[in-house]
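Novice: test case, fold it:
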Amino acid sequence: MLLEDKQELTIEQDLEGWVIDKCTSWRDHFESNYSEKFDEYYRLWRGQWAVQDKTRQTERSKIISPALQQAVESSVAELEEATFGRGKWFDIEDDVADNEKRDIAMLREVLYKDFKKNKIRKSVAECLINAAVFGTGIAEVVLEEEKEFQPATQPVMGGDLQAVGVNIVDKTCVKLRPVMPQNFLIDPLATSIEEALGCAVDEFVPTHLVDQLQEQGVYRNVYVGSAAPDFDIEPDKDLSVFEDDKVRLTKYYGLVPRHLLKAAQEEEEAEEVEELVAPDEDEDTYYVEAIVVIANDGTLLKAEANPYMMGDRPIVAFPWDVVPSRFWGRGVCEKGYNSQKALDAEIRARIDALALTIHPMMAIDATRMPRGSRAEVRAGKTILTNGNPAEVLQPLNFGNVSQVTFAQAAELQKMVQTATGAIDSAGISGSINGDATAAGISMSLGAIIKRHKRTLINFQESFLIPFITKAAHRYMQFNPERYPVADYKFHTSSSLGIIAREYEVTQLVQLLQTMQQDNPMYSQLIMSIVDNMNLSNREELIMSLQQANQPNPQAQQAQQAMQQAQMAFQQSQTAALQGQATESQARAQKLAAEAQAVPQELEIDRIKAITTNIKEGDADDKEFQKRLKISEQLLKEREVAVKEQGKPNADTAQVQRSNQPSQRSIPTPRPEIEGIGSRGLGPQGIPQGEA
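Specialist: A predicted model of the protein is given here:
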């Protein structure tokens, strides 16, 4: 269909009519599919009884078991503790190449301060409750201008006096307003806020709020009137309807036909139109993102193009558990609905049976009772009968209530825990092996923590981070002096809830018992245990532990001196050992040299021994030859001995021992006359006077 054809179909319809038609069709879809179930979930959570909650027609008891209430509160408390338990519940990522980190720290602290002042944590907790009860948590990001009063003094009378008063500062505030499911309308075919044609917040507001916004110029100055009563959008349907001083305000955020928006803006002044519609906007598109506010289903109070610089819709929502291809999620009440209804039926049946078994009843023969008497049973009452009372009156008892109902109620309560993943105040037994053993409880807690972790991640990625991002962008747009404009990436700091932290502390304590105190990991484990504890002075304890782990400068210097002395002592020992090794090596070289010199000395001794006291002549020549053969034979024997032993010292000793018999075996002549041969031998067998 062409763009002109679409415009012709809607040319006779104004903007407020087009928006109300969409909201009406979305309201019909919600009423026919979700309204009745959501009302029952709300009553079960509040513990409120209604006639339609009867499990049988003869049921008289109205009691509602608190099992589902406990499951909702426990699950919400776990997520809230995981998000805000550590104080810092979000952080900002900066560019890796940016070396200046002070701007990040400043922006984070300013956001924390403004969020705390605007009570964001309280609003987030309410959204968590709505998500647990109805399956989806919805909130509206509201931008407001507030006047901040600051006490101040001002000098007067030339500085002689001080005037005490206040300074009024206009300040832009970003707030989070939780929205109940019956007050929220969305395209039934959408699965998220961004992909829907639009969404609307339809609720009753006080009349004076609309009047104030009209005075400020936010809304058009038109007559609004009073709203007609509508029981379906009341926050609490069990209360009586208050019909005075309220206006039904429908705030639509989404796509609208461009020509209808322009037609609605024709009543405004030209300069205001130029501010509302950007001049560089694509005129060929049929839809334009806009914000439309309608009072009492017919009075247009505001119509403008989306004024936010990022073009996002001021609505954040998340499902407790995702239902595929549906916007509305699955909450704790829906998970435990069947178990809760069975538990209520069991308890109500027992209470109704107790009324028949405990309270006294009497069977009476009416024909034998005096006329006009009242057959009541109470203490001290006298009953008149015509005849024997034993024959007229008979106690009536239906028996005793079976004790099995106690066990059945306990099992049904466990079924609620199994369905919702919540832990009651009495704790749980080991659901893995049926016994309250350490291993069973540990495995059961692991399964429960896993389910809570899944919901926590869904809440962070779909609700918390988008809200922080939208709030930061609005502060950057409308208060750039306080919030520097930059492309920051936000991420949450929450990870573990109270149950998960207690479980982790138990594991760390068990690991701590296996270590000695002088182990470097001992102090780090203690810091991890303190960090996971929910203590009011946790930060102070961590800082004290960090300071205790830092070494004392004096002790560090003394330790360094001891280390240097120890190193010097080790170096001296190493030098002494090296000297001993060098000495041993030199001694070994000396012995080797001496061993090599022994054969030469022996050869010299042999020559001297052979040539000693030899004279010329045949007899002396024969004696020389004889000595030469004997010395050669002895040398051969020594060589054989050296080869067999293979040790230089032993060889030397063997050579020395063999040298003595050789000298003794050679006969030394003793001449009877004085001469050359008659002189005595020197120390080495060398004749005296020939040395």
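Novice: the helices in the stretch 351-500 of the chain, which residues?
Specialist: 389-392, 404-420, 438-459, 465-478, 498-512 (DSSP state H, counting those that start in this stretch).
Novice: pull out the buried residues from the second one.
Specialist: Okay, so that is helix 404-420. By neighbour count on 16 or more other Cβ atoms under 10 Å, the buried set for helix 404-420 is Q408, A409, L412, Q413, K414, M415, V416, Q417, A419, T420. Heads up, the C-betas are built off the backbone N, CA and C, glycines and all.
Novice: cool, and the first one?
Specialist: By neighbour count, with 16+ other Cβ under 10 Å as the criterion, the buried positions of helix 389-392 are V392.
Novice: so for it, what's the average pLDDT?
Specialist: In this model, helix 389-392 has an average pLDDT of 85.
Novice: with stretch 185-202 instead?
Specialist: On average, stretch 185-202 scores 93.
Novice: closest to K122 out of the buried residues of helix 404-420?
Specialist: T420 (24.1 Å; Cβ to Cβ).
Novice: got a pLDDT number for the residue nearest to T207 when sequence neighbours are not counted?
Specialist: Nearest residue to T207 in three dimensions, chain neighbours excluded: D245, at 4.7 Å (Cβ to Cβ, 6 or more residues apart in numbering). At D245, the model reports a pLDDT of 84.
Novice: so D245 makes contact with L209?
Specialist: No - using Cβ atoms under 8 Å as the test, D245 is too far from L209 to be in contact (10.3 Å).
Novice: which one of those two has more residues nearby?
Specialist: Ranked by neighbour count (other Cβ atoms under 10 Å), D245 and L209 place L209 first, with 13 against 10.
Novice: pLDDT score assigned to the more buried one?
Specialist: At L209, the pLDDT recorded in the model is 91.
Novice: run the angle between the longest strand along the chain and helix 465-478 for me.
Specialist: Ranked by residue count and defined by DSSP state E, the top strand of the chain is strand 136-156. Relative orientation of strand 136-156 versus helix 465-478 (axes from the mean of the first three to the mean of the last three Cα atoms, to 10 degrees): 30 degrees.
Novice: for strand 136-156, which strands pair with it and how are they oriented?
Specialist: strand 161-179 (antiparallel), strand 315-319 (antiparallel) (DSSP bridges).
Novice: after the shortest one, next one along is what?
Specialist: Under the assignment DSSP states H and E, the closest C-terminal helix or strand after strand 315-319 is helix 332-335.
Novice: on that earlier part again, can you name the residues that contact the residue nearest to T207?
Specialist: P206, T207, H208, S226 (Cβ atoms under 8 Å, 6 or more residues apart in numbering).
Novice: can you do 10 Å?
Specialist: D245 sits next to P206, T207, H208, S226, A227 when contact means Cβ atoms under 10 Å, 6 or more residues apart in numbering.
Novice: kindly report the same for A471.
Specialist: The contact partners of A471, by Cβ under 10 Å, 6+ apart, come to 111, 114-115, 118, 120, 141, 143, 173-176, 314, 316, 483, 490.
Novice: touching, G225 and D297? I think so.
Specialist: No - if you go by Cβ atoms under 10 Å, G225 and D297 don't touch, sitting 11.1 Å apart.
Novice: look at the two and report which has more neighbours.
Specialist: D297 (17 against 12).
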